[in-house]
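Peer 1: Coordinates only, no sequence provided:
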């Protein structure tokens, strides 16, 4: 197997892994994006070295090797695009669920004159609360200022979105 074809395998593996882990808010997905970038840098460096060696030896790069590199890099970026689009769709669906939960939190606050402590407290009191669509994510409750209840969820490593009773627009942060 030629070196160019050998370096296509990590791209294809990372592309498949990225797509199948999309829609998840876990650390593995975030680390896979980092691995994807590292594989790209290593591959680019190796192609430069191999091309320079072939140039100085006056050898031509095989056409099939070039096609394999182009398709594997293109496939990786296509899977990254599709995976990120899936992440965005699931994040928006999770925001819709979170907005509905905020309405229940508002009802809880009006009834008990305080914000709920956690998800299970509201469920024990008979509230039916859905889980986030994002895999490995969950909703959290917190109080920003007295009586301003908020709902948040994590959507990837070190990133979260939140909405509160005082600010009904979703805010997403690193």
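Peer 2: Yep, it's here. Treat the numbers as computed from the prediction; the structure is a model and nothing was measured.
Peer 1: Now do the strands in this structure.
Peer 2: Under the criterion DSSP state E, the chain contains strands at 139-143, 149-156, 159-164, 171-173.
Peer 1: I'd like to know how many residues surround residue 158.
Peer 2: 9 (other CB atoms under 10 Å). The C-beta positions use only the backbone N, C-alpha and C, and glycine is treated the same way.
Peer 1: Do you know the pLDDT at the residue nearest to it when sequence neighbours are not counted?
Peer 2: Once flanking residues are discounted, residue 158 sits nearest to residue 174: 6.0 Å by CB to CB, 6 or more residues apart in numbering. pLDDT recorded at residue 174 is 72.
Peer 1: ditto for residue 4
Peer 2: 56.
Peer 1: Equivalent analysis for residue 27, please.
Peer 2: Model confidence at residue 27, expressed as pLDDT, equals 57.
Peer 1: Mind putting the strands of the chain into a markdown table with distance to residue 112 and mean neighbour count?
Peer 2: Shown next, in a markdown table, are the strands of the chain (distance: least, CB to CB, whole Å; neighbours: other CB atoms under 10 Å):
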| stretch | distance to residue 112 | mean neighbour count |
| --- | --- | --- |
| strand 139-143 | 13 | 17 |
| strand 149-156 | 11 | 22 |
| strand 159-164 | 17 | 18 |
| strand 171-173 | 25 | 11 |
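Peer 1: got these as a markdown table, with distance to residue 75 columns?
Peer 2: Listed next are the strands of the chain as a markdown table, based on distance: least, CB to CB, whole Å:
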| stretch | distance to residue 75 |
| --- | --- |
| strand 139-143 | 35 |
| strand 149-156 | 22 |
| strand 159-164 | 26 |
| strand 171-173 | 29 |
